[in-house]
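Trainee: What would the 3D arrangement of this be:
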Amino acid sequence: MAVSKPYDVVIVGAGPAGSSAAIRLAQAGRKVLVLEQKTFPRQKLCGEFVSPECIEHFHELGATLEVDLALPTSVAETTFYSRSGRPLRIQNTWLGAAEGNAIGLSRSRLDELLLARARTSGAEVREETSGIPHFADGKLKAIKLRGADGPGETIQSDIVIDATGRSRYLSRAIASNGTAGRAEYVAFKAHLTGAQIEKNTCELYVYPDGYGGCVQVENDRYNLCFVLKAAQVKQLGSDPNRIWREAVLKNKRASQTLESAAVAGEWLAVPITRLGIGDPSPAEGLLSVGDAASFIDPFTGSGIALAFESSRLAAAAILENKSFEAIAADYRRSYEATVRRRMRFSSYIRFAGKAGWLADGVIWALGRNERLRKFAAARTRLNDAVE
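Mentor: This is a model prediction of the structure:
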């Protein structure tokens, strides 16, 4: 089959990372193709907490009006609850340079409006289409398209962006083992009705062998997202309703706010096989953004912000350099300088979360000192307010 080369950049994956990269590049005049395996709108496992850092990106992407029309919930405070129910309150204005509130917005709605924005910006979007990479000598040579009707054309592009999320589909294809590691945790997500969390607040709960949170999103729904050790998931029969009742509700506050809630829709579950910083340019011709580049601990509530920021850095490197070697070097340098501090601090949070007694102690200590709370909050963000 003939190989065509009609695009400057091919992006595989249309979540916040992929769509925002497409918007930036298409608005700058680059010819962009976005491949998305699913059909939008679709549900996605996510905490659905959109931090204040993201507001700047909405402005830059020209998506502020679309986000406002989605009627998200304003989230002024994030409250962590120890196993005994002791609260630790963080003002969300501490989390962004603009000092605005966070919002609660479903990934289904957010992803849909960003992909629509990519289309109106000039990017070509093909849903129900996956991209199968072809590597030779460590270089990405081509992408073979596969749609709902079977194999399609093969496309060459000087630059391909892996925005496939935690699966890292393209990036793993170049690795010698090509497989994901064994999952230590499993993440679950569902929308609820009737949750009794505080108004305009994202609540986070620590419980034995895991942690989770609940935030209100649009249409009077609440998003419940939690993680639990894989061994415990197996012991509880991998039943999300049973896990919710017998694990999450061991947190005293969660038992008060979620006991009478009802699941509205389906449960989603995803194994968590890796956390931490990855390689933003794993092969010649290939950049990775969002969770495909690095997966930050969900407890920080900054995954969507990291997706936007990594895409902004990748787009800037593409637009400011000519050769792929220069693009990759520029992106890797700016990426590591931007995210390494956040990743390091999130690893400390993850360690505390693994030991419930330690998390309880941290919540107690931070609760007694506002300055220390502000410092801890800032260390999980991308801004340099604490430097």
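Trainee: Only C-alpha atoms from now on, for both contacts and neighbour counts.
Mentor: Will do.
Trainee: Show me the shaky parts of the protein.
Mentor: 1-5, 96-99, 175-181, 274-276, 297-301, 340-387 (pLDDT under 70).
Trainee: The residue nearest the centre of it: what's it in contact with?
Mentor: Central residue of the chain (C-alpha atoms, centre = their mean): residue 303, 3.6 Å from the mean position. For residue 303, the contact set (C-alpha atoms under 8 Å, 6 or more residues apart in numbering) comprises 290-291, 295-297.
Trainee: where along the stretch 101-250 of the chain do the strands fall?
Mentor: Counting by DSSP state E, counting those that start in this stretch, the segments of the stretch 101-250 of the chain that form strands are 102-104, 124-127, 129-136, 139-147, 150-155, 159-162, 185-193, 201-207, 210-216, 222-229.
Trainee: want to try TSV for these, with distance to residue 238 as columns?
Mentor: Below are the strands of the stretch 101-250 of the chain laid out as TSV (distance: least, C-alpha to C-alpha, whole Å):
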stretch	distance to residue 238
strand 102-104	28
strand 124-127	31
strand 129-136	29
strand 139-147	32
strand 150-155	33
strand 159-162	30
strand 185-193	9
strand 201-207	17
strand 210-216	15
strand 222-229	10
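Trainee: among those, which is nearest residue 333?
Mentor: strand 159-162 (17.0 Å; C-alpha to C-alpha).
Trainee: so how far does stretch 192-212 reach from one end to the other?
Mentor: Taking C-alpha to C-alpha, to the nearest Å, the span from the opening residue of stretch 192-212 to its closing residue is 14 Å.
Trainee: Any buried residues in that stretch, and which?
Mentor: 192-195, 197, 200-212 (16 or more other C-alpha atoms under 10 Å).
Trainee: now do stretch 230-237
Mentor: Buried, per 16+ other C-alpha under 10 Å, within stretch 230-237: 230, 232-233.
Trainee: Next: stretch 148-163.
Mentor: Residues of stretch 148-163 classed as buried: 154-163 (neighbour count, 16+ other C-alpha under 10 Å).
Trainee: Which one of the residues you listed is nearest to residue 115?
Mentor: Nearest to residue 115 among the buried residues of stretch 148-163, counting by C-alpha to C-alpha, is residue 163 at 13.0 Å.
Trainee: From residue 17, how far out is the closest one?
Mentor: 6 Å.
Trainee: and what of residue 183?
Mentor: 24 Å.
Trainee: Same question for residue 38.
Mentor: Taken as C-alpha to C-alpha, the span from residue 38 to residue 17 is 15 Å.
Trainee: Between the two, tell me which one has more neighbours.
Mentor: residue 17 (31 against 14; other C-alpha atoms under 10 Å).
Trainee: Next up, the contacts around the more buried one.
Mentor: Counting by C-alpha under 8 Å, 6+ apart, the residues that residue 17 touches are 163, 289-290, 304, 307-308, 310-311.
Trainee: Kindly recompute the last result at 10 Å.
Mentor: Residue 17 makes contact with 11, 111, 114, 161-165, 288-292, 304-312, according to C-alpha atoms under 10 Å, 6 or more residues apart in numbering.
Trainee: Same question for the residue lying closest to it once chain neighbours are set aside, what's its three-state structure.
Mentor: Spatial nearest neighbour of residue 17, excluding adjacent residues (C-alpha to C-alpha, 6 or more residues apart in numbering): residue 307 at 4.6 Å. Going by DSSP: H, G, I helix; E, B strand; the rest coil, the secondary structure assigned to residue 307 is helix.
Trainee: First-to-last residue distance for stretch 148-165?
Mentor: By C-alpha to C-alpha, one end of stretch 148-165 lies 21 Å from the other end.
Trainee: Pull the distance from that stretch to the chain's centre.
Mentor: Computed by C-alpha atoms, centre = their mean, to the nearest Å, the chain-centroid distance of stretch 148-165 equals 22 Å.
Trainee: which residues of the stretch 251-387 of the chain fall in strands?
Mentor: According to DSSP E, counting those that start in this stretch, the strands that the stretch 251-387 of the chain contains are 262-263, 268-272, 276-277, 286-288, 294-295.
Trainee: Determine which of those approaches residue 338 most closely.
Mentor: strand 276-277 (11.2 Å).
Trainee: what residues are up against residue 260?
Mentor: 193-196.
Trainee: for residue 113, same thing?
Mentor: Residue 113 neighbours (C-alpha under 10 Å, 6+ apart): 16, 19, 40-41, 63, 66-67, 70, 107, 119.
Trainee: give me the number of residues near residue 271?
Mentor: Neighbour number of residue 271 under other C-alpha under 10 Å is 19.
Trainee: What is the burial count for the closest residue to it other than its chain neighbours?
Mentor: Residue nearest to residue 271 in three dimensions, not counting chain neighbours: residue 186, with 4.3 Å by C-alpha to C-alpha, 6+ apart. Counted with other C-alpha under 10 Å, residues neighbouring residue 186 total 21.
Trainee: hang on, isn't residue 186 packed against residue 45?
Mentor: No: contact criterion C-alpha atoms under 10 Å: residue 186 and residue 45 do not qualify, at 11.2 Å.
Trainee: Give me the common contacts of the two.
Mentor: In contact with both residue 186 and residue 45: 226, 269-270, using C-alpha under 10 Å, 6+ apart.
Trainee: mind putting the residues you listed in TSV, distance to residue 237 and neighbour count included?
Mentor: Shown next, in TSV, are those (distance: C-alpha to C-alpha, whole Å; neighbours: other C-alpha atoms under 10 Å):
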residue	distance to residue 237	neighbour count
226	16	29
269	13	18
270	15	16
